[in-house]
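**Student:** Structure for the following, please:
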Amino acid sequence: MGVAALAGALALLIDDGLPLGPPGWALLAGAHVPLVWRRSRPLLVLCAVAACVTPYHVLDYNHAVPIPATLLALYTVAATGTVRRSLLTAVVVLGPTLIINSFTNPDGALELLRISGWVIAVLFFGVDAQPTASTSPPSSSRPTGPNGPRRRRGAGSPRSGCGSPATCTTCSRTASP
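**Tutor:** Reported below is the predicted structural model:
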């Protein structure tokens, strides 16, 4: 999994915050394991990632390391759901984050703006990646058979007034071209 490898590389290369100990590595692994199910259960995966990332940040480990996993979970929620769900996700994710950070770090307003901008940008890209009516085939399109599209009865060769092919001896009509 590429995101977990990226997180491992960031943990080893970037020195910001406390060095990762066993609890930090366990929380980091716990944030990446649920990503396997992100397409089938995007909201549940986002909650699982947040449940591991929140104590990771509270313990003041390297703050940049779990961000790719969090952004991937947010993107998946936006790309697989409705616009309304994406907006609600933004409120639920950013609301507590902004409130908690404003009390714990009142001087970090610029960093709060940066965090909010990344979250909103990822959600926007996720919504933008959704298929639209112009790019997806209509749901009412009929499948075609091996000989091309199906024809309705009577739409083939010319028929006489009673429906029989060509000339009918009963009604004495000839087929109209």
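
**Student:** okay, CA-based contacts and neighbour counts for the rest of this
**Tutor:** Fine.

**Student:** Output the below-cut-off pLDDT ranges for the protein.
**Tutor:** Counting by pLDDT under 70, the chain shows low-confidence ranges at 1, 132-177.

**Student:** So which residues of it form helices?
**Tutor:** 2-13, 22-32, 42-58, 67-80, 83-104, 109-128 (DSSP state H).

**Student:** Need the winner for burial among those helices.
**Tutor:** Of all the helices of the chain, helix 67-80 has the most neighbours on average by mean count of other C-alpha atoms under 10 Å, namely a mean of 22.

**Student:** Show me the contact partners of that helix.
**Tutor:** The contact list for helix 67-80, computed with C-alpha atoms under 8 Å, 6 or more residues apart in numbering, reads 3-4, 6-7, 31-32, 35, 38-39, 42-43, 45-46, 49-50, 53, 85-86, 119, 122-130.

**Student:** Check the offset of it from the chain's centre.
**Tutor:** 7 Å (C-alpha atoms, centre = their mean, to the nearest Å).

**Student:** export that helix as PDB, just CAs?
**Tutor:** C-alpha atoms of helix 67-80 as PDB (Å, rounded to 0.1, in the frame of the first residue of the first chain):
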ATOM      1  CA  ILE A  67      -1.900  13.400   6.700                       C
ATOM      2  CA  PRO A  68      -1.800  11.300   3.500                       C
ATOM      3  CA  ALA A  69      -4.100   8.600   5.000                       C
ATOM      4  CA  THR A  70      -6.500  11.300   6.300                       C
ATOM      5  CA  LEU A  71      -6.700  13.100   3.000                       C
ATOM      6  CA  LEU A  72      -7.200   9.800   1.100                       C
ATOM      7  CA  ALA A  73     -10.100   8.900   3.400                       C
ATOM      8  CA  LEU A  74     -11.600  12.400   2.900                       C
ATOM      9  CA  TYR A  75     -11.200  12.200  -0.800                       C
ATOM     10  CA  THR A  76     -12.900   8.800  -1.000                       C
ATOM     11  CA  VAL A  77     -15.900  10.100   1.100                       C
ATOM     12  CA  ALA A  78     -16.300  13.000  -1.300                       C
ATOM     13  CA  ALA A  79     -15.800  11.000  -4.500                       C
ATOM     14  CA  THR A  80     -18.200   8.300  -3.600                       C
END
